[in-house]
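*Asks:* Okay, sequence plus prediction incoming.
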Amino acid sequence: MFVRPLLLLALATPLAAQNPGQPAQPGYIGNLDLTTSYVPDSGIRVGSTDLGDIDTFQNRIKYTGTFISGGSVNWSMGFEAERFGFGLDTSSMLPTTLGSVSLPLGINWKINSKWAFLAEVSPGIYSDFVEISASDFNAPLIAGLSYAVNENFLFFLQLSLDTRRDIPIVGGPGFRWQMSRQWALSMLVPRPRVEFRPNDAWMLYAGAELVGGAYQLSTEHGTRRGDAQFDDVNMTYREIRAGIGAIWNVGHGFRLEAAGGWVFDRRFVVDEERRQWNGEGAPYARLQLAYRY
């Protein structure tokens, strides 16, 4: 997870908007999400030095099981694997792969009819996967409070903590406003957007999307590339996207989502060496298939 001062960024799993209401019946909810996205070739540079072109494939699979207690506290646990694959030209100091394998653990506590507390920690391996060691382990955390002003307006305060990220603590307020039966404004990271539902099967939206994370490079990453100062360092990768999308509730628990637009900020940062690689703008496309039971 990752942010600059002007933008909240949470690249771990977002806290879902929830309206504190009557306790649900005890049970279990399973969610499976498969996501792929692509950003085609665009230029990348360090300062004013042009380093060629780079494209990016992102693939993610996440399963979350939520245990509904029937009381005020619900628990969740699951599995998530994500991979960024980079097609590099002359920018050989950058890795070809960054990714993670983690076991997200979450809690949702309905304090009362208005307030709820949500938290999720995702212990796992965050790495270039050239070699795996103890230094690749990390456990990013998201925590927040929600307040139901009324049945149509939810207020959130959310913080993201990742000590490996170039900015370790990020966060702030957000809200979700159901303006009418068809229109909603959801100002929640990592996907703030305006939503329109023409019917029960479809939702259209426009907004932003923030992806990335912090990853450990291998102990000889820099040495293999002629610069040992980049051995065993943390690298933060981020994309800030803006675009439009559509969600189709297919039925029988399946949901299909397609989105596309423009990546206006794509960068790699090694904070301890004060080095930053900046990518030029490029289009993107994303496809997601979800199943809930």
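*Replies:* Arrived safely, thanks for sending.
*Asks:* partner strands of the helix or strand of the chain with the lowest mean pLDDT, parallel or antiparallel?
*Replies:* Ranking every helix and strand in the chain by mean pLDDT, DSSP states H and E puts strand 169-178 at the bottom, with a mean of 90. Strand 169-178 pairs in its sheet with strand 153-161 (antiparallel), strand 183-187 (antiparallel), by DSSP bridges.
*Asks:* Give me whichever of these is most buried.
*Replies:* Highest mean neighbour count among the strands paired with strand 169-178 (mean count of other C-beta atoms under 10 Å): strand 153-161, with a mean of 19. Bear in mind the C-beta positions are built from the backbone N, C-alpha and C, glycine included.
*Asks:* quick check, distance from it to the centre of its chain.
*Replies:* Relative to its chain's centre, strand 153-161 lies at 15 Å (C-alpha atoms, centre = their mean, to the nearest Å).
*Asks:* buried residues in the least confident helix or strand of the chain?
*Replies:* Neighbour-count burial for strand 169-178 flags 170-171, 174-176, 178 (criterion: 16 or more other C-beta atoms under 10 Å).
*Asks:* And for stretch 72-81?
*Replies:* Judged by neighbour count (16+ other C-beta under 10 Å), stretch 72-81 contains these buried residues: 74, 76, 78, 80.
*Asks:* tell me the contacts of Gly222?
*Replies:* Residues near Gly222 by C-beta atoms under 8 Å, 6 or more residues apart in numbering: 93, 228-231, 233.
*Asks:* Backbone torsions only: list them for the nearest residue to it once chain neighbours are set aside.
*Replies:* Nearest residue to Gly222, sequence neighbours excluded (C-beta to C-beta, 6 or more residues apart in numbering): Phe230, at 3.0 Å. When read as degrees, to the nearest 10, the backbone of Phe230 gives phi -100, psi 20.
*Asks:* residues contacting the closest residue to Ala139 other than its chain neighbours?
*Replies:* Leaving aside its chain neighbours, Ala139 sits nearest to Pro123 (4.1 Å; criterion: C-beta to C-beta, 6+ apart). Pro123 makes contacts with 102-103, 105, 137-139, as judged by C-beta under 8 Å, 6+ apart.
*Asks:* quick revisit: which of the contacts of Gly222 lies closest to Val130?
*Replies:* Set against Val130, the nearest of the contacts of Gly222 by C-beta to C-beta is Asp231 (11.2 Å).
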